[in-house]
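Peer 1: how does the following fold in three dimensions:
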Amino acid sequence: MRFWRAIARTVAVAALAGALVRCSSSVEIVTPTPARANAFTEKYAVLSPNTVTSLTEVAQLTAAAYMSKASAVAYSLDANTVLAAYAEEGYVVRWDLATGDIIEEQHLGIVSPRGLGFDISGNVLMGPTAREVDTASPDAAEHVNGIGLWDTRTGKLIRCLTHPCTGNVPGRDGYLGAKMDTTGSWVLIYSEWGFSTLDLTGASAGRISLINSPDSAYGWRLGTIAVDAAHRRIALVLSEGGIWLDSLDGSMRNYQTLVDGVKNANRTIHDAVFDLAGQWLGILIDDTLSVWQMKAKPDKPYLEATVSNGIAIRFDQTGSLLLVAGGDRLLVWNLADKTRMAEFRTPGITSLGVSQDNRLVLWGDADGSIHVWGTALP
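Peer 2: The predicted model follows:
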């Protein structure tokens, strides 16, 4: 019954499926050039292996006393403002980075960090407005619904992706979460059993997919998804620890397996993300960080490391550095030579971001404060 309910809710949010395009086993990698700095950020060096070890705090921004942990952070390069989303209170807060003052607080009604995130510009926020915890399930699984997109400059709802986006209706028959690619072009909404893709640009049809065949002897469970818009592909990370690659296009399953899952395992998946150019895929499962180089068909991780209490992965905008948050620490790897080159104390870290011009690192903490770091130029 639950399997067919998953079919219904996946179909409900999907557009028409497009023609199948196979994932390329070898892709051309172009490292992107970060956006141009503004008058504030030009005082700080571009993140690189030569500058990242000298990061220091530029500003600590304080939210109102009724805010708890910061669930997501972003920086608006155009406006020189810092944004943070507070899922427990339903607010988005914006600060003027030059003065440190709060410009505005927007109550959007978001209720969970599942499916919550900003695009690279900070101008668009995606998040759920309904949630429910299934206390009958062994892991007390949380489901969300009412997933919407907001313009953070106005606080207006741009698009309701799964209706309704008001009123916190029960979410148990909803979704595990949603992922928006960095550029804000694609959204994937997923449950344990399947996912739907939405092209927000309108340039192509979306697709729906169940990860198991109806006659499968075992039902694999989806844990999270990562989106690579540059190469129109996705990574499916299973609760059993498996990792599959697939195309954003198409109406059929055409998975390339990176890792086989272990049936009946129940792994803790913290994060999965591609870098902006689609050169790297980073995944944090339990206490294991794995990084896959995507320019050729990978048969093993490019980099593996143990990260205790990890919560988030971010690549810098050039794909040269990997930043991992967890255990009150921020760890930085140089991907060129696989070395862990820096470790910073970040007490109570709950969220992580990198500015669009690749000059600032942002992180939120459990008390609701936002920390902005950079390496000052001489």
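Peer 1: rest of the way, CA atoms for contacts and neighbours
Peer 2: Noted.
Peer 1: how about the helices in this protein?
Peer 2: 2-12 (DSSP state H).
Peer 1: low-confidence ranges, it, go.
Peer 2: The model of the chain has pLDDT under 70 over residues 1-31, 136-140, 167-173, 250-253.
Peer 1: 90 instead?
Peer 2: Applying pLDDT under 90 to the chain picks out residues 1-33, 131-142, 163-174, 202-208, 213-216, 248-255, 295-299, 326-327.
Peer 1: specify the beta-bridge partners of the closest residue to Q256 other than its chain neighbours.
Peer 2: Spatial nearest neighbour of Q256, chain neighbours left out: L245 (5.0 Å); criterion: Cα to Cα, 6 or more residues apart in numbering. Note on L245: beta-bridge partners A235, Q256, judged by DSSP bridges.
Peer 1: now do the contacts for L245.
Peer 2: Shown in contact with L245 (Cα atoms under 8 Å, 6 or more residues apart in numbering): C23, R233, I234, A235, L236, Y255, Q256, T257, L258.
Peer 1: against Y302, how distant is it?
Peer 2: 16 Å (Cα to Cα, to the nearest Å).
Peer 1: equivalent analysis for A178, please.
Peer 2: Distance from A178 to Y302, by Cα to Cα: 27 Å.
Peer 1: those two - which one has more neighbours?
Peer 2: A count of neighbours by other Cα atoms under 10 Å puts A178 above the other of A178 and Y302, at 26 against 16.
Peer 1: how close does the more buried one sit to S320?
Peer 2: In this view, A178 and S320 are 27 Å apart by Cα to Cα.
Peer 1: what of V92?
Peer 2: Counting by Cα to Cα, the gap between V92 and S320 amounts to 30 Å.
Peer 1: cool, and G206?
Peer 2: Counting by Cα to Cα, the gap from G206 to S320 is 32 Å.
Peer 1: which of these two has more neighbours?
Peer 2: Between G206 and S320, counting by other Cα under 10 Å, G206 is the more crowded of the two (25 against 19).
Peer 1: surely that one meets S196?
Peer 2: Yes: counting by Cα atoms under 8 Å, G206 does reach S196; the two are 7.2 Å apart.
Peer 1: work out the gap between stretch 365-378 and the centre of the chain.
Peer 2: Offset of stretch 365-378 from its chain centre (Cα atoms, centre = their mean, to the nearest Å): 20 Å.
Peer 1: C160 contacts G148, doesn't it?
Peer 2: Yes: with contacts counted by Cα under 8 Å, C160 reaches G148, the gap being 4.4 Å.
Peer 1: more crowded one of these two?
Peer 2: Ranked by neighbour count (other Cα under 10 Å), C160 and G148 place G148 first, with 24 against 16.
Peer 1: return the set of buried residues in stretch 254-265.
Peer 2: Within stretch 254-265, the residues that qualify as buried by neighbour count (16 or more other Cα atoms under 10 Å) are N254, Y255, Q256, T257, L258, V259, G261.
Peer 1: chain center to stretch 308-327, what's the gap?
Peer 2: Relative to the mean C-alpha coordinate of its chain, stretch 308-327 is positioned 11 Å out (Cα atoms, centre = their mean).
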